[in-house]
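Colleague: I would like the atomic coordinates for the input below:
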Amino acid sequence: DFYPLEQSGNPDLDPEEGTSWFAGLVWNPEFLPGFELQLDFWDFAHEERITPLPAQYVLREKGNFGITRAPDEADGTPGRITLVQETVVNADELHTRGFDTTLGYSWQTDHAGAFRASLMHTYISEWSISDISLLDTDFDENLAGKYWWGGPLPRNRANLGLSWDRGPHGASANIHYVDGFESYENEWVNGEMTDDYIQVSSYTTLDLQYSYRFAGLKNAVLRIGCNNVTDEDPNLATYSPFNEPLYDPRGRFYYVRWRQPIR
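Modeller: Reported below is the predicted structural model:
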């Protein structure tokens, strides 16, 4: 069924409070010039976390919050739904923790030019939210690797890059990886309702770029590139405005850029 939807604020919200801690290290070994390793561990705890309450969850609660009905039927049956309100509410606590890893290595050759390889990786070990106000559902579980109202929470994300420069020439290749995750349960699949979580596959894309610097034109730079060279499509479950930082539904994308200094 389809119901009218109204989005609004919530004047009864409480302010958020939170604590966080970080620990990190950087290693540049003397025996391997040009190499760098950086590790960052983080832990966030937000109390009274303000979070959206989508209409779908309001309906699943089968309660009265956020729902306007027509008068009850003569036999006492609740009246039909005439309006569903989508708002923001306070959660008791949002707790996230994980770590970031950055690896980099740069080296110079006598004739082939300069190279740099890098790897950036983020791992989420915990993402839990508990006691959503106005709802009876207990969300006190680790949602890392699953789908949340605001979008997917893949445990692993990584970027692997390799760049080359020699005189006016430059080139780069970048691989972007987003881990798979579990989507909602109780979804319609091939015309049937399932009680199992839908497994959304991982997403990997390759970007390539070539550049040339024109010394005679005040070091103007021409860049020619292609994003998502292999034309990978994200899983249909990921097509959502909340997922834009993770996925690009445009497919293979070519571009030409010209940067011209004016001084």
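Colleague: What does the pLDDT read for the residue nearest to R69 when sequence neighbours are not counted?
Modeller: Counting by C-beta to C-beta, 6 or more residues apart in numbering, R69 lies nearest to G79, which is 4.2 Å off, once chain neighbours are set aside. Just so you know, the C-beta spots here come from the backbone N, C-alpha and C atoms, and that holds for glycine as well. At G79, the model reports a pLDDT of 74.
Colleague: Could you pull up the residues touching G79?
Modeller: Residues near G79 by C-beta atoms under 8 Å, 6 or more residues apart in numbering: R69, A70, P71, D72, E73.
Colleague: mind redoing it with 6 Å?
Modeller: R69, A70, P71, D72 (C-beta atoms under 6 Å, 6 or more residues apart in numbering).
Colleague: which ones are touching the first one?
Modeller: By C-beta under 6 Å, 6+ apart, the contact list for R69 reads P78, G79, I81.
Colleague: redo that, cut-off 10 Å
Modeller: If you count contacts by C-beta atoms under 10 Å, 6 or more residues apart in numbering, R69 has them with P78, G79, R80, I81, T82, L83.
Colleague: just these now: which is nearest S211?
Modeller: For those, the minimum distance to S211 (C-beta to C-beta) is 54.9 Å, reached by L83.
Colleague: From D179, how far off is the closest one?
Modeller: Here L83 is placed at a distance of 38 Å from D179 (C-beta to C-beta, to the nearest Å).
Colleague: Those two: which has the busier surroundings?
Modeller: Neighbour totals were compared for L83 and D179, and D179 leads with 21 against 12 (other C-beta atoms under 10 Å).
Colleague: where along the stretch 51-200 of the chain do the strands fall?
Modeller: With DSSP state E, counting those that start in this stretch, the ranges of strands along the stretch 51-200 of the chain come out as 67-69, 81-108, 114-132, 141-142, 147-148, 151-152, 156-166, 169-178, 181-182, 188-189, 192-193, 199-200.
Colleague: Just tell me which of those ends up closest to G34.
Modeller: For the strands of the stretch 51-200 of the chain, proximity to G34 was assessed by C-beta to C-beta; strand 81-108 is nearest, at 4.2 Å.
Colleague: Which strands and helices lie in contact with that closest one?
Modeller: On a contact count with 3 or more C-beta pairs under 10 Å, 6 or more residues apart in numbering; DSSP states H and E, strand 81-108 meets strand 5-7, strand 17-27, strand 35-53, helix 55-61, strand 67-69, strand 114-132, strand 156-166.
Colleague: Run the chain-centre distance for that strand.
Modeller: Centre-to-centre, strand 81-108 and its host chain are 8 Å apart (C-alpha atoms, centre = their mean, to the nearest Å).
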